[in-house]
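>>> how does the following fold in three dimensions:
(one chain, ligands or ions: 1)
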Amino acid sequence: MAQQETDEQISVDDEGFLVDTEDCEAREAAYRERGTSRPITVVGNPVLHKECADVTAFDGELARLIDDMFASQRTAEGVGLAANQIGVDLKVFVYDCMDDDGVRHVGAICNPVLEELPPAERVLDDANEGCLSVPTAYAGLARPDYAVVRGQDAKGNPVRVRGNGYFARCLQHETDHLYGYLYIDRLSKRDRKDALRQMDEGTPRYEVVPND
Ligand SMILES: [Zn+2]
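Alright, predicted model coming up:
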């Protein structure tokens, strides 16, 4: 007999935006407690440097992957995690991130596409950025301070996610991952080299997948 689904009622607002600011504490805990934390892939691992496959099966396996991603994100103390950061070649990312109004956002999105902003609305923010796949390194990187991503939820329903400030940065950073780009690929040669040096000199606080 099929079990009735009581939790995980994913909802969108009138404009089609994922409601990702309600019950954050409980939703994040539910995901991560069902999931198993996995080690994080780091720069140089081929899975991070190519476009991931589209999600086509919105099934229990995808739900379990999302649970594992939340568990891994928590272990590594990240604010966002793309599937290829735990070695899975699929376009899905999760996030648990504060925006610049101090509002927490928790969610998952499949097949994300960044929406183009009208040039007049593009305000660049050059805050520091880091990545679990480039452990212990940080660099300033200018990105628009507002972002909208459209894709699908874990059931395949069309959704959009929007955010400002640090959360906008997260949405852009995680979408980049799924197309094979790390934030260091957007840095100048010199800043990229410096970030890689910071990584070589540091020790990650979480388990990573060794590169061959
Ligand atoms: Zn990253």
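
>>> now do the same contact list for residue 77.
205-206 (C-beta atoms under 8 Å, 6 or more residues apart in numbering). Yep, even glycine has a C-beta here, placed from its N, CA and C like the rest.

>>> pull out the buried positions in the longest strand along the chain.
Secondary structure of the chain per DSSP state E: the longest strand is strand 104-114. Buried residues in strand 104-114, counting neighbours by 16 or more other C-beta atoms under 10 Å, are found at 104-112, 114.

>>> so after it, what's the next helix or strand?
Per DSSP states H and E, strand 104-114 leads on to strand 124-125 as the next helix or strand towards the C-terminus.

>>> average pLDDT across that following strand?
What strand 124-125 shows for mean pLDDT is 94.

>>> so can I have TSV of the buried residues of strand 104-114 showing distance to residue 42 and pLDDT?
Below are these laid out as TSV (distance: C-beta to C-beta, whole Å; pLDDT from 0 to 100):
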residue	distance to residue 42	pLDDT
104	27	98
105	26	98
106	25	98
107	25	98
108	22	98
109	23	98
110	24	98
111	25	98
112	22	98
114	24	97
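
>>> looking at strand pairing, list the partners for residue 105.
residue 97 (DSSP bridges).

>>> hmm, it is touching residue 97, no?
Yes: applying C-beta atoms under 8 Å as the test, residue 105 and residue 97 come out as touching, 5.5 Å apart.

>>> quick one: list the elements packing against the helix or strand of the chain with the lowest mean pLDDT.
Sorting the helices and strands of the chain by mean pLDDT, DSSP states H and E puts strand 124-125 at the bottom, at a mean of 94. Judged by 3 or more C-beta pairs under 8 Å, 6 or more residues apart in numbering; DSSP states H and E, the packing partners of strand 124-125 are strand 143-144, helix 165-178.
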